[in-house]
Each structure stands twice: as C-alpha cells, then as structure tokens.
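Enquirer: Give me coordinates for this.
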Amino acid sequence: MKKGLSALLLASLLCASSGCQQNQKEVVNEYNIVPMPNQMTPQEGRFQLSNKVSIATAGCIPEVQAIADSLIARIRLTSGISLQSNPQENPKQPDIRFVTEDGMPKEGYKLSITPNEITLSASHPNGFFYGVQTIYQLLPPAVYGETIVKRANWSLPAVEIEDSPRFPYRGLMLDVCRHFSTTDYIYKFIDMLAMHKMNTFHFHLTDDQGWRIEIKKYPKLQEIGSKRKETLIDYYYVNWPQIFDGKEHGGYYTQEEIKNIVAYAASKYITVIPEIDMPGHMLGALKAYPDLGCTGGPYEVATTWGVFADVLCLGNENVYSFCQDVLDEIMDIFPANYIHIGGDEAPRDRWAECSKCQAKAHELSLTTNTLQSYFTNRIEKYVNSKGRRIIGWDEILEGPINKSATIMSWRGISPGVEAASKGHDVIMTPNSHLYFDYYQTEGRNGGPILIGGYVPLEKVYSLNPIPDDIPADLRSHIIGVQANLWTEYIAYTSIVEYQVLPRMAALAEVQWTSAAKDYPDFLSRLSRLRELYGIYGYNVAK
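Expert: You can find the predicted model right below:
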C-alpha cells in the first residue's frame, strides 16, 4: 500500500472543474476511510458536487443503476443537490461515471476522483456498492443524516483507489435468544454491518433461553419455547442466591418477518446465515416437545446462563425427523448457501444414561463420545442433499466429520488451524479477540454488567486471523473472520451498540484490509467514523 493515507494530509486548493482560483480558501484533503482501502494514492484537488453534475451509468445492469439511484437520493436528501441520472456519458460537464469492468474481484472496485470527474469501476454490483460506501466516507459526515445541511463542504478529495476485501466472509453474530431484538432493530443492525463493509449477518435464533423463529410444523416451538418465566440479572458466579427480574421474557420472528429481513439485508449485499443450534442448547425446543429429550422432561426454558445437561436424544429417530423438518422450513426462508447448526457445548451425560442412545451407539459400533459426530454427519448429509453446506462451532471437530463442513473457530486460533489442516474451510472468531460481549475496560465500574472477559479495541485490531507460521497450503482454507455478540446481560439495544461500537470498526479493518496494521493511524481515522455514529444516535463506548 502506498504511503499517504489519512496520516498524510495533502494541502490543496478547492478547484472548480474549470480550474483553480488563487483566492479560494485552502482545504486540507483527508482520507478517513474505515476499513482502509488496500491501495490508495491521495491526489491534489477536489471534486465539487453541484446541480450540474450527472451520474452516467451507460451499459450498467439494473442492480448497478439502483445503487447509482441510491447515491443520487442520499445526496439530494442531505445536501439539497440534485445530481442528474444520465444513461449516456456527457463529456462536456463534470460527471460521476459508473463503469463495468470485466475481470475484477466480485467485491472489488476502483475509484478515481479528480477535480473534473469521478469514475467508479467494478465487475459486479457488490463492488459498486462498496465503492459507494467509500464515496460516502469521503463526503462530509452530514451525508449520513436525514436533513439538508447546505453549509457543509459538498466535495470529495482527489484520490486513486483500487480495493477488494482480504476475506470473502466478513461477519458479525447477534444472539437474539438470551435477549430478543425487534425486527426494527434488526434492520438497524444490518445498516451498521453495511456501513462497515461486512457481508454476513449470523443470526443466532435458538438456544436454551428461547426459540426465536416460527416453525409452522411445530407451532409449540414459538408458542411455548419462546418464553421463559424470568431472567438472571446479576453476576452468575458472584451472588447467591441468584437475583432474577421476575418478569416473563419472550418474542419470536414470524417467517414473513424473516423473509423481509433477508430481503432488506440482500439490498445491502449482506447474506443472513441462520443458526439452529443442535444437539445441545435445545431447552427451548425440549420445553415445547419433551419427547425429543432423553428423559422426557419436564423441561424449562432456561432462566440462567451456561451449559445444560439436557440435550436432544440421539437414539430417538423422531429427533432426526424433527431436525430435518425444521431445517426444511429454515432453508425455504433463508437462501444462504450456509446453514449454521451450532454443535457446541453438548454434554454427553444424558446419552451415557439413555437406553435409546446406548442402543444406537451399539447398533452403529459407536461410543457415547462419537454419537454427536454421527448426528452431525447425518444432518450435514441432509443439508447437502438440499444444495447447502453447514457451518458448525469448532466442537464438531471432536470426532470424524466431512471436509465439506465449515468450522467456526471460537476457542482460539488453534482449532481453526487444526480444521484447515484437515481440509475444512474456517471462519476465525476467537473469543480472545472477537467476543463483543466481553468488557472493553479492565474495571467494571461505570459500565454495564457483562458476562466477563476483557477485549479492548486495540486487542480486536491486533488480531492476525492467519498465523504467520501457518503453512502456505492451508491459508486458502481460512475464508473469513467474525465477531460474536452473546446477549446474556445485554437486555437493551443501546447496550448492543455500546458493545459493538467502535470495536466493529476494528473488526472491519481486520476483515477487509490486507496491508500492515497501524493502530495510531486507525484511531485517527476512527475519529471521523465516531462523527457518523453520532449522527445516527448510536450509543458508542469511549
């Protein structure tokens, strides 16, 4: 990457397209872009927006035209400037040109800004979308608002950018099981992802503390499994007896609501990956259908946190029918290539004591410890038969598993390296660096009650998802990076924002930028992004 990014400030005169005037006020070009583009060369001068500027989209497909139209609409909304849409290029006046260029990466783009014109080139709509996000970051922060601010300097600094992401999978997970989020907030969360050039929303929809999605064949899942009688509100390991709020907590998304969420995310070039956690973390389902467990119940939707002994009975054939039926409906409403099946923290206690599970193990020449691998492989085969692939937490490596399964490495980096060595694709999400439910400060005073841990902004930024000593032939298996927000103690959306911002910005740079990291430079660019957070009214950690 060439020198001269935000740390290098280029003094230049604000020029009209016809040339510079000696008496014009000096303007400093700043390039406070997050995530940092992979190749960027600052230039002198600025491109001035005006009602005379047109956006030329000759030869572009409808999806790209829609992106150009959204740029026109946002400029008009926030500046009052009416850019003109022109399907043909007009060389006689300053233009913003969208140019389709074959052979570029799917999410890559080139952005050339001179005092006379702007050219945005890409091969796919995804690239045009990310190029427009960069344009927004080069404009005044007011462009993110909802009212006209005429006094802002509606111009862009001259620059040459050639950019594409380091990883094809760039995600953030939101747990809506421990605490439910409304559909309106899910839309807002997706907007946050788009602002940071992320392309994946991992939607954690089922857990011990609540089942959050409508399944038409099993209505008791949402009618009964979505509700718990109360919620732990104090530190889990500190006070005894534990303190609860005494209030029922519930909520779920209808399939129609989910379809709308998926469509909205797609408009931002974000894929929604659902997680139906199995065979553990299933108390929400067991409360609704007790015959799915080893003991037959009774079960309760969990009111506390942790790992629970009651899981799906893997010796019961009805369990496999249930899982397949649920996945059928999930795959009907989520078009994503991946379906996340969890696989984490499934104790074997009940299986060891269950006659059905032991009979199944004996029939298949398995042990209690390898029953889960049988379950996972069987579920994966079914998902594969529908043209999809599974993702599982790194515990699914604790037995033989097909190479087609993608591993989400949460217990550090090493499980991901192990998975890559076995031929699996890997998404790095180590809790040491990327659990956003952990504290951002060493002291607990003054902040919300959280589950524990300590992951400050700088630690997020320091993550190297591909260890330097990993063999070259394994590097291609590490396809992405993701942070996770578990919501045990995060009851309000304002706390969601406090926990992810500004750490989301550091995550975005880890996911996108291939160049060597420069934390002080990142902080200088982050100051501008904080202005944008303020415009949206986000609750941001200091």
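
Enquirer: The stretch 201-350 of the chain: strands as residue ranges?
Expert: 206-207, 210-211, 271-275, 338-340 (DSSP state E, counting those that start in this stretch).

Enquirer: packing partners for the second one?
Expert: In other words, strand 210-211. helix 283-288 (3 or more CB pairs under 8 Å, 6 or more residues apart in numbering; DSSP states H and E). For the C-beta atoms, the positions are set from N, CA and C on the backbone; glycine is no exception.

Enquirer: Which strands or helices does the helix it packs on pack on?
Expert: Looks like helix 283-288 contacts strand 206-207, strand 210-211, helix 220-223 (3+ CB pairs under 8 Å, 6+ apart).

Enquirer: so can I have CSV of the ones you listed showing mean neighbour count and distance to Ile451?
Expert: Compiled in CSV, those are given as follows (neighbours: other CB atoms under 10 Å; distance: least, CB to CB, whole Å):
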stretch, mean neighbour count, distance to Ile451
strand 206-207, 28, 14
strand 210-211, 29, 17
helix 220-223, 19, 26
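
Enquirer: Turn those into a markdown table, including mean pLDDT.
Expert: Output for those, formatted as a markdown table (pLDDT from 0 to 100):
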| stretch | mean pLDDT |
| --- | --- |
| strand 206-207 | 98 |
| strand 210-211 | 98 |
| helix 220-223 | 98 |
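
Enquirer: give me the low-pLDDT residue ranges for this protein?
Expert: 1-26, 89-92, 444-446 (pLDDT under 70).

Enquirer: Apply 80 and report the result again.
Expert: Low-confidence segments of the chain (pLDDT under 80): 1-27, 87-94, 236-239, 443-447.

Enquirer: one step back: could the helices and strands packed on helix 283-288 go into JSON lines alongside distance to Ser267?
Expert: Listed next are the helices and strands packed on helix 283-288 as JSON lines, based on distance: least, CB to CB, whole Å:
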{"stretch": "strand 206-207", "distance to Ser267": "26"}
{"stretch": "strand 210-211", "distance to Ser267": "28"}
{"stretch": "helix 220-223", "distance to Ser267": "27"}
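
Enquirer: For Ser514, give me its contacts.
Expert: Asn38, Arg166 (CB atoms under 8 Å, 6 or more residues apart in numbering).

Enquirer: Over to it. Which of the three states is it?
Expert: Using DSSP: H, G, I helix; E, B strand; the rest coil, the structure places Ser514 in coil.

Enquirer: so how far is Phe167 from it?
Expert: Look at Ser514 and Phe167: by CB to CB, to the nearest Å, they are 9 Å apart.

Enquirer: Also Tyr439?
Expert: Using CB to CB, one obtains 27 Å as the distance from Tyr439 to Phe167.

Enquirer: Any idea which of the strands of the stretch 201-350 of the chain gets closest to Tyr237?
Expert: Of all those, the one in closest proximity to Tyr237, counting by CB to CB, is strand 206-207 (19.7 Å).

Enquirer: And that closest one, what does it pack against?
Expert: Contact partners of strand 206-207 among helices and strands, from 3+ CB pairs under 8 Å, 6+ apart: helix 283-288.

Enquirer: Can you give the contact residues for the helix it packs on?
Expert: 177, 206-211, 218, 220-221, 223-226, 292-293, 297, 299-302, 308, 310, 312, 322.

Enquirer: what's near enough to touch Ala541?
Expert: The neighbourhood of Ala541, defined by CB under 8 Å, 6+ apart, consists of Gln440, Tyr498, Gln499, Leu501, Pro502, Arg503.

Enquirer: Skipping its backbone neighbours, what lies nearest the second one in space?
Expert: When you say that, I think you mean Tyr498. Leaving aside its chain neighbours, Tyr498 sits nearest to Asn539 (4.8 Å; criterion: CB to CB, 6 or more residues apart in numbering).

Enquirer: Quick one: residues contacting the one you found.
Expert: Counted by CB under 8 Å, 6+ apart, Asn539 has contacts Ser494, Ile495, Glu497, Tyr498, Leu501.

Enquirer: Any buried residues in the helix or strand where the fourth one lies, and which?
Expert: Secondary-structure element containing Tyr498, defined by DSSP states H and E: helix 493-500. Taking 16 or more other CB atoms under 10 Å as the neighbour-count basis, helix 493-500 is seen to contain the buried residues Thr493, Ile495, Val496, Glu497, Tyr498, Gln499, Val500.

Enquirer: excluding its backbone neighbours, what's nearest the last one?
Expert: Which is Val500. Among residues not flanking Val500 along the chain, Phe436 sits closest, at 5.3 Å (CB to CB, 6+ apart).

Enquirer: Surely the one you found and Thr487 touch.
Expert: No - assessed by CB atoms under 8 Å, Phe436 is found out of contact with Thr487, at 10.1 Å.

Enquirer: any shared contact partners between these two?
Expert: Common contacts of Phe436 and Thr487 (CB under 8 Å, 6+ apart): none found.

Enquirer: ok so, going back, just the buried members of the contacts of helix 283-288?
Expert: For the contacts of helix 283-288, buried by 16+ other CB under 10 Å: 177, 206-211, 218, 221, 224-226, 292-293, 299, 301-302, 308, 310, 312, 322.

Enquirer: Arg389: neighbouring residues, count only.
Expert: Arg389 has 17 neighbouring residues, counting by other CB atoms under 10 Å.
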